[in-house]
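Colleague: just a sequence and a predicted model for now, questions to come.
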Amino acid sequence: MKELEIVIKPEKLENLKRILDSEGARGVMITTIFGYGHQKGAGQVYTRDETPGINLLPKLSVRTVVKDEIVEGIINKVLEELNTNSFGDGKIFIKDIEGVVKIRTGETGNDAL
């Protein structure tokens, strides 16, 4: 199992939910976050200001735990459909999950997803 943490622009949430549903992800956890990357929150507009500072930009962190078999399909669709070729399109973090237990039923592993 893998946990995917997909950081996106808020306006891309509906597209991402559609992708996750079509690929078989069974649930998501969404958190509003603020942050910046290499561009320090600056847009693609350049000015004469030599010290633009750092802007924290609004993003969404969408987390889901999925079976190993569907990870590649999710990543490929996200890259294909959410890429705007602009700074700030986001990132996908992939983490191994050692195990999971469904509290209501006691099911474990893939059955708990």
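Modeller: Thanks, I have the structure now.
Colleague: on contacts alone, who are the packing partners of the strand ranked longest in the chain?
Modeller: With residue count as the measure and DSSP state E as the assignment, the chain has strand 57-66 as its longest strand. Using 3 or more CB pairs under 8 Å, 6 or more residues apart in numbering; DSSP states H and E, the elements in contact with strand 57-66 are strand 2-8, helix 13-23, strand 29-35. C-beta: built from backbone N, CA, C; applies to glycine.
Colleague: grab the longest helix from the protein for me.
Modeller: Under DSSP state H, the helix in the chain containing the largest number of residues is helix 68-82.
Colleague: ok, and what's touching the helix or strand just after that helix?
Modeller: Using DSSP states H and E, the helix or strand that directly follows helix 68-82 along the chain is strand 91-96. Defining contact as CB atoms under 8 Å, 6 or more residues apart in numbering, one finds that strand 91-96 is touched by Met1, Lys2, Glu3, Leu4, Glu5, Ile6, Val7, Gly37, Val71, Ile75, Val78.
Colleague: what is the orientation angle of strand 91-96 with strand 57-66?
Modeller: Here strand 91-96 runs at 30 degrees with respect to strand 57-66, directions being taken by axes from the mean of the first three to the mean of the last three CA atoms, to 10 degrees.
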